[in-house]
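Participant: I need the structure of the sequence given here:
(chains A and B)
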Amino acid sequence: MATEYRTIVRDGLWDNNGVLAMLLGMCPAMAMTGTATNGLGMGLATAVVMAASSMLVGMFRNQITQEVRIPVFILVVASMVTLVDLFMNAWMHELYKVLGMFIPLIVSNCLPLARLEAFAGKNPALPSLMDGLFMGIGFTFALTIIGAVREIVGVGTLFADASLLFGSTFKFMEMRLLPADTGILMMILPPGGFLVLGLLVVGKRMLDVRAGKAIQMGGAHSAA
Amino acid sequence: MKQQRMLIHGVILGVFCLGFGIVLAISDSITVDDIAARALEDRLNSLGQVIPDSIHDNNLVEDAITMKNEGNQEITVYRATMEGKVTGLAYEIFGTGYAGKMKLMLGIDAQGKILGVRVLAHKETPGLGDKIEIKKGNWILRFDGLSLDNPLPDKWKVKKDGGQFDQFAGATITPRGVVRAIREGLEFFAANKAQMMDLAAPMAPMKEVH
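Facilitator: Modelled structure (predicted):
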């Protein structure tokens, strides 16, 4: 059992990373990574939704028949997103003001749906919860890295506005690494997202090759 | 046989929909009051930035009227009163920037002098056009204290167009849109002053603001 969970964690964080290996969830990975803070926020919100919906689907996997599984999965993800949206708006309003616009976008992210189909629909609640959670954390990791690279090269700061997201105690995270007005603006604009993502995917493959791992072409094999 | 199986799938899907529907309905009813309260706080907060607390003793959100602006769009005009007299007004103005519509809140006093302007929503380029936000710079503060005859109408432009307002490096279209929106906002007040200052006018219905 322990090794099984270790595989789930490894898969989610690195080996089968949603963005860097499976190339899923490209929409938020492009649109929400102008800064590291945005990437981190979007990733965390997605992780919560993924953990909750994976656990639910794991619990009800025997009731969800093959023929109606896709609509039920979408229903689960959409419901979880709506719940997170409502609760955050009501009780974590400061955070909501920053993250609020990202949350409805999670519904259109195919990564949660892919994990429900590939994992949670076939496994009990607890492993499903772990899979959703660690896939979500891996997603957060990838988005934060993309955001950080784009932000540093684009405007020369790192984690700008992090204190808006997590409160003023996290002011220390906000850094200026390059002098103002030296950034390459294109990196903040949409082309920068494609460039950085491409380079990071290459970088991950190179690390894997060096570590002697067989490259899983497209990654989709292990997901399906 | 086949039809019966189809029925079962339909029932399963229906049960899930019903279940999640109930959960969502309950969550909505739990949070609806808190969310409305937060939205009101936000509104008062953004109004507080363009209408100083010291000039009014009323609740800005309660003393509001709705009007049609030049674009035939319904806008809410918030009115600050002190001892029964109108001392200030705040309303949304719209401009066109580099990447589409920009929404701003304009606050003026009873003489039409600007108390403050804030950008509420825009899609301008990060790092260039977004310097119109108060969070990114002080540019928007330069309008404080100005009015329709200060500067004169032909100076209500960015410098590039022969006016008096600085554009910022690499971005002219955004400031041009903002300057124009503010000028039109002031003209709107000049044209509709009587109606906007009329405290007997019917109040705007309190609507939920998101």
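Participant: residue boundaries of the strands in chain A?
Facilitator: In chain A, the segments counted as strands under DSSP state E are A:157-158, A:175-176.
Participant: can you say which of the ones you listed is packed in most?
Facilitator: strand A:157-158 (a mean of 20; mean count of other Cβ atoms under 10 Å in any protein chain shown). Quick note: C-beta positions are derived from backbone N, CA and C, even for glycine.
Participant: dump the strands of chain A into JSON lines; add distance to residue A:14 and mean pLDDT as well.
Facilitator: Below are the strands of chain A laid out as JSON lines (distance: least, Cβ to Cβ, whole Å; pLDDT from 0 to 100):
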{"stretch": "strand A:157-158", "distance to residue A:14": "22", "mean pLDDT": "86"}
{"stretch": "strand A:175-176", "distance to residue A:14": "26", "mean pLDDT": "82"}
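Participant: residue A:44: what's it in contact with?
Facilitator: Shown in contact with residue A:44 (Cβ atoms under 8 Å, 6 or more residues apart in numbering or on different chains): A:136, A:140.
Participant: against chain B, how distant is it?
Facilitator: Distance of residue A:44 to chain B, computed by Cβ to the nearest Cβ, to the nearest Å: 20 Å.
Participant: mind checking how far that residue is from residue B:45?
Facilitator: 25 Å (Cβ to Cβ, to the nearest Å).
Participant: could you do residue A:116 as well?
Facilitator: On the measure of Cβ to Cβ, residue A:116 and residue B:45 end up 39 Å apart.
Participant: next one: residue B:185
Facilitator: Residue B:185 sits 20 Å away from residue B:45, taking Cβ to Cβ as the criterion.
Participant: now swap in residue A:128 and tell me
Facilitator: Relative to residue B:45, and taking Cβ to Cβ, residue A:128 is found at 41 Å.
Participant: how about residue B:78?
Facilitator: From residue B:78 across to residue B:45, the span is 13 Å (Cβ to Cβ).
Participant: so between those two, which is more surrounded?
Facilitator: Between residue B:78 and residue B:45, counted using other Cβ atoms under 10 Å in any protein chain shown, the more crowded position is residue B:78 (26 against 9).
Participant: surely the more buried one and residue B:64 touch.
Facilitator: Yes: between residue B:78 and residue B:64 a contact is recorded at 4.8 Å, counting by Cβ atoms under 8 Å.
Participant: what residues does chain B have near chain A?
Facilitator: B:8-10, B:12-13, B:16-17, B:20, B:23-24, B:27-28, B:30-31, B:34-35, B:38, B:41-42, B:125-128 (Cβ under 8 Å from any Cβ of the partner chain).
Participant: show me which of those are buried.
Facilitator: Burial by neighbour count, 16 or more other Cβ atoms under 10 Å in any protein chain shown: within the residues of chain B next to chain A this picks out B:9, B:12, B:13, B:16, B:20, B:27, B:31, B:35, B:38, B:125, B:127, B:128.
Participant: which residues touch the nearest residue to the fifth one once chain neighbours are set aside?
Facilitator: Taking Cβ to Cβ, 6 or more residues apart in numbering or on different chains, and ignoring the residues beside it in sequence, residue B:20 has residue A:79 as its nearest neighbour in space, at 4.3 Å. Taking Cβ under 8 Å, 6+ apart as the definition of contact, the neighbours of residue A:79 are B:20, B:23, B:24.
Participant: secondary structure and pLDDT added to these, as a markdown table?
Facilitator: Output for the contacts of residue A:79, formatted as a markdown table (DSSP: H, G, I helix; E, B strand; the rest coil; pLDDT from 0 to 100):
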| residue | secondary structure | pLDDT |
| --- | --- | --- |
| B:20 | helix | 95 |
| B:23 | helix | 96 |
| B:24 | helix | 96 |
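Participant: quick check, residue B:27 in contact with residue A:81.
Facilitator: No: counting by Cβ under 8 Å, residue B:27 stays clear of residue A:81, with 12.0 Å between them.
Participant: list the contacts for the residue positioned nearest the centre of chain A?
Facilitator: In chain A, the C-alpha nearest the mean C-alpha coordinate belongs to residue A:139, at 2.6 Å (Cα atoms, centre = their mean). Taking Cβ under 8 Å, 6+ apart, we find residue A:139 in contact with A:17, A:18, A:19, A:25, A:43, A:46, A:47, A:50, A:111.
Participant: so who does the residue in chain A that chain B sits nearest to touch?
Facilitator: Residue of chain A nearest chain B, by Cβ to the nearest Cβ: residue A:90 (3.7 Å). By Cβ under 8 Å, 6+ apart, the contact set of residue A:90 is B:30, B:31, B:34, B:35, B:38.
Participant: mind checking how far the fourth one is from residue B:110?
Facilitator: Going from residue B:35 to residue B:110 by Cβ to Cβ gives 34 Å.
Participant: elements contacting the strand ranked longest in chain B?
Facilitator: Secondary structure of chain B per DSSP E: the longest strand is strand B:85-97. Using 3 or more Cβ pairs under 8 Å, 6 or more residues apart in numbering or on different chains; DSSP states H and E, the elements in contact with strand B:85-97 are strand B:74-82, strand B:100-109, helix B:173-197.
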